[in-house]
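Chemist: Below are the sequence and a predicted model for it; my questions follow.
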Amino acid sequence: MSTNPPFPPGFLWGAATSAYQIEGSPLADGAGASIWHGFSHQPGAVANGDTGDRACDHYRRADADLDFMAELGLTAYRFSVAWGRVLPKGTGRVNAKGLDFYQRLVDGLLERGIQPMVTLYHWDLPEALEARGGWRNPDSARWFANYAATLFDALDDRVGLWVTLNEPWVSTVLGHLSGEHAPGRRSLSEPPRVAHHQLCAHGEAVAAYRELGRHQIGISLNLEPQQPATDSPQDREAARRRHHFINRWFLDPLLLGHYPDELAAIFGADWPRFPPEDLQRIQAPLDFLGINYYSRGLVRHDPTELPCAARRIAPPDRPCTAMGWEVYPEGLTETLLWVKQRYGDLPLYITENGAAFDDPAPVGNQVQDPERVDYLRTHLVAARAAIAQGVDLRGYFAWSLLDNFEWAEGYAKRFGLVHVDHITQCRTLKASARYYQALISEGG
């Protein structure tokens, strides 16, 4: 029998959350409203009229949640900072009470032997900045870099891993193209500029970190293989376009210094020309890349689906999650290997991976979620297969620690390892949490 451990020594076993999805109390102690606070209060914007006003009440229950993390044996925890909790207007005055919450959270993690990974931006732009044009304003790169520097100065003595942006593709496309997410805008011309300004913000933040920080900084991107629904030439071309649109739009400028040529064809006259100096700062060297993986894209040509003329469809006769996403673990191996082959041996973390299922209510302080157990198991097998083929994978963060506010789906979709009763706020460990706990204790 081989004596080699199934995962590398020092591999991080984590879980992930985001501020607006779990904290609640979005305006407490002097915090400024975010675009998600405003968006979720618009009639019809979120399923069942749900908002993040209470969420998982983590802002007031952080110590108890930290104890759950310790019980699970997590060695790392990825969370995001609510920008407006620290800078109520997005720039200018620091809100000491808001910053103190994150100081205490980091200290609590370290006291329990859990390494923090801090995400600076997970979609909750301060409303005060949205009123100034938000990510459509090129000044947003400077706003973000100044905010990032505030966090570096306060926390870098205790935080070893930083993520600048989480899934900028989602906040660009769902927030400014389809309008499904905050700020709820619908435009074909805005997304290229919004994406570019977020990438510039990332580059400015990395530059600030090289001056102020002493550890590691990266970015987290949602990636998924795109495969044609049929063998028809139209579907094959549609899958190719969607691959450029999703997987290469952000990775190419970050790691190769240029946008894919195909984006100009996809967006047509709406694709701008960007200054070369912008692309130079976007390509600031990364210490690691975070990959968020959930499923593959099974793609069909559809000329009504702009800008790609491609539609992702649910596959027939395949298991899907409650989100309608196919359970496709082999796509994780494929994604990790593609990143290595195209962009080189950059250290990688799986910064999100998980699934929503229609979990039963707790019975006897137990929640049976065998589908999620199987999802975690098969995706970790897929991750290990990539490691065996030379991928430098250094950690895995399950999404999510808690059943939370799932953006436009409200509280209808449950991704958590820990069941949350959103009326009583009672927490119950699911079978998947116990599985993950045992896995961590055995080193994978």
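Modeler: Yep, it's here.
Chemist: Residues in contact with stretch 317-337: which ones?
Modeler: Stretch 317-337 is contacted by residues 223-225, 291, 293-296, 298, 314-315, 348, 350, 353, 355-358, 371, 375, 378-379, 381-383, 385-386, 389, 391, 393, 409, 413-414 when judged by C-beta atoms under 8 Å, 6 or more residues apart in numbering. Bear in mind the C-beta positions are built from the backbone N, C-alpha and C, glycine included.
Chemist: Kindly report the same for stretch 371-390.
Modeler: By C-beta under 8 Å, 6+ apart, the surrounding residues in contact with stretch 371-390 are 6-8, 293, 319, 321, 327, 329-333, 336-337, 340, 345, 350, 353-355, 357, 359, 393, 396, 398, 417, 430-432, 435-436, 439, 444.
Chemist: Buried residues, stretch 358-368. List them.
Modeler: By neighbour count with 16 or more other C-beta atoms under 10 Å, stretch 358-368 contains the buried residues Asp359, Pro362, Val367.
Chemist: no, scratch that, I was asking about stretch 274-281
Modeler: Neighbour-count burial for stretch 274-281 [16+ other C-beta under 10 Å]: Phe274, Asp278, Leu279, Arg281.
Chemist: now do stretch 94-106
Modeler: Residues of stretch 94-106 classed as buried by neighbour count (16+ other C-beta under 10 Å): Asn95, Gly98, Leu99, Phe101, Tyr102, Leu105, Val106.
Chemist: Please tell me the pLDDT value assigned to the first one.
Modeler: Looking at Asn95, its pLDDT reads 98.
Chemist: residues near the closest residue to it other than its chain neighbours, how many?
Modeler: Excluding its sequence neighbours, the residue lying closest to Asn95 (C-beta to C-beta, 6 or more residues apart in numbering) is Gly30, at 4.6 Å. The tally of other residues near Gly30 (other C-beta atoms under 10 Å) stands at 13.
Chemist: and what of Asp403?
Modeler: Neighbours around Asp403, by other C-beta under 10 Å: 26.
Chemist: try Gly32
Modeler: 22.
Chemist: List the contacts of the closest residue to it other than its chain neighbours.
Modeler: Of all residues not flanking Gly32 in the chain, Pro88 sits nearest, at 3.2 Å (C-beta to C-beta, 6+ apart). Counting by C-beta under 8 Å, 6+ apart, Pro88 makes contact with Gly30, Ala31, Gly32, Asn95, Gly98, Pro126, Ala128.
Chemist: Ile22 versus the first one, what's the distance?
Modeler: Counting by C-beta to C-beta, to the nearest Å, the gap from Gly30 to Ile22 is 20 Å.
Chemist: same check, this time on Asp67
Modeler: For Asp67, the distance to Ile22 - C-beta to C-beta - is 15 Å.
Chemist: of those two, who's got more company?
Modeler: Neighbour totals were compared for Asp67 and Ile22, and Ile22 leads with 26 against 13 (other C-beta under 10 Å).
Chemist: The more buried one and Thr172, how far apart?
Modeler: 23 Å.
Chemist: ok so, going back, quick check, nearest of the buried residues of stretch 274-281 to Leu254?
Modeler: In terms of C-beta to C-beta, no member of the buried residues of stretch 274-281 lies closer to Leu254 than Leu279, at 9.8 Å.
Chemist: Please look at the closest one and Pro253 and confirm they touch.
Modeler: Yes. Counting by C-beta atoms under 8 Å, Leu279 touches Pro253, with 5.9 Å between them.
Chemist: any idea whether Ala398 is helix, strand or coil?
Modeler: The three-state label given to Ala398 by DSSP: H, G, I helix; E, B strand; the rest coil is strand.
Chemist: so what's the backbone phi/psi at the closest residue to it other than its chain neighbours?
Modeler: Spatial nearest neighbour of Ala398, chain neighbours left out: Ala15 (4.8 Å); criterion: C-beta to C-beta, 6+ apart. Dihedral angles of Ala15 (phi, psi; degrees, to the nearest 10) stand at phi -140, psi 160.
Chemist: shouldn't Ala15 be in contact with Arg78?
Modeler: Yes. Using C-beta under 8 Å, Ala15 makes contact with Arg78 at a distance of 7.4 Å.
Chemist: Show me what counts as buried in the helix or strand containing His196.
Modeler: Using DSSP states H and E, His196 falls within helix 190-212. Of the residues in helix 190-212, 190-206, 208-209 count as buried by neighbour count, 16+ other C-beta under 10 Å.
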